[in-house]
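A.B. asks: heads up, no residue letters with this:
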């Protein structure tokens, strides 16, 4: 019997939804607010969740974001059921990752159909594989609120990183200054020895040196970045054909004679139309220097960075 968690601070609506879904053979677990909703989902691992938006303590929007952000519950379909029906409300509902948005003037068959459809879509997405259902987890109120705070902190960090990159379009002048600005933003968030933005059309690699390193490390890094660019674009990238422009104001390159590249990380830069315009790469002489945080940060930066760089390149072409 499929299980559905329904969360709403209205006892009347909880009874209605429980009755409607119960008649269709669903096992319904009810919650009175967003905190209880999250607790119920983690403790029962249901087949679907129906959330009111305007609830005490934690809203349906935040509860949906929390569930969709956690690997244990990300694949459980979420339906937002609310009296809010403005375009902005529907937009924000979509931004939470919710699978469906229904207003409270629904007819009973509409709700049943929505639940059936999102569960069927989740089954189809697994391509015949059984649903991954981790062991139930009992969360206290403080556990839920702590997860909410962590999520909001992380989303604020992500927004700040993206904003710093996109602001370069207004604060930098010229193509090369824009590329240098991207590398400077990257340095604020990730510790690296060497970083580069390698651009295919220009056959140019802009390199920033952040820590003492060796010429050997530098040579290995440029070769790895060229290989990454070739793999991402399908084009041949020859190191000897690259214009290498190195920013090393501290004179750090060559200071450590024995350093070798131990960790390398790269990300394709996709400009307008999704075309690969180059790669962003970084390296370190320290083994396993870049963890999940560094990778996640690079993923945040690469999208807006590619567009900002591509726009600056196109602007220079038009004015050149």
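C.D. replies: Alright, I've got the coordinates. Being a predicted model, the structure only gives us computed values, none of them experimental.
A.B. asks: Identify each buried residue in stretch 115-129, please.
C.D. replies: 115, 118, 119, 122 (16 or more other Cβ atoms under 10 Å). Just so you know, the C-beta spots here come from the backbone N, C-alpha and C atoms, and that holds for glycine as well.
A.B. asks: do stretch 129-148 as well
C.D. replies: Neighbour-count burial for stretch 129-148 flags 139, 144, 147, 148 (criterion: 16+ other Cβ under 10 Å).
A.B. asks: need the helices for the stretch 201-320 of the chain, in chain order.
C.D. replies: For the stretch 201-320 of the chain, helices defined by DSSP state H, counting those that start in this stretch occupy the ranges 215-233, 292-319.
A.B. asks: For the shortest one, give me every contacting residue.
C.D. replies: Counting contacts by Cβ atoms under 8 Å, 6 or more residues apart in numbering, the residues outside helix 215-233 that touch it are 193-194, 196, 198, 200, 205, 207, 209, 235-239, 242, 244, 253-254, 256, 259-261, 264, 266, 268, 276, 278-279, 281, 283, 285.
A.B. asks: about what we covered before: can you put the buried residues of stretch 129-148 in CSV and add pLDDT and secondary structure?
C.D. replies: Putting those into CSV (pLDDT from 0 to 100; DSSP: H, G, I helix; E, B strand; the rest coil) gives the following:
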residue, pLDDT, secondary structure
139, 92, coil
144, 92, helix
147, 91, helix
148, 91, helix
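A.B. asks: out of those, who's nearest residue 33?
C.D. replies: The closest of these to residue 33 turns out to be residue 144 (Cβ to Cβ; 10.2 Å).
A.B. asks: residue contacts, the closest one?
C.D. replies: Contacts of residue 144 (Cβ under 8 Å, 6+ apart): 35, 38, 39, 58, 66.
A.B. asks: The one helix or strand the first one maps to packs against which elements?
C.D. replies: For residue 35, the element it lies in under DSSP states H and E is helix 34-44. Helix 34-44 makes packing contacts with strand 3-7, strand 27-31, strand 48-51, helix 60-69, helix 141-166 when contacts are defined by 3 or more Cβ pairs under 8 Å, 6 or more residues apart in numbering; DSSP states H and E.
A.B. asks: 7 Å instead?
C.D. replies: Packing contacts for helix 34-44, counted by 3 or more Cβ pairs under 7 Å, 6 or more residues apart in numbering; DSSP states H and E, involve strand 3-7, strand 27-31, helix 60-69, helix 141-166.
A.B. asks: Of those, which stretch is the most buried?
C.D. replies: strand 3-7 (a mean of 25; mean count of other Cβ atoms under 10 Å).
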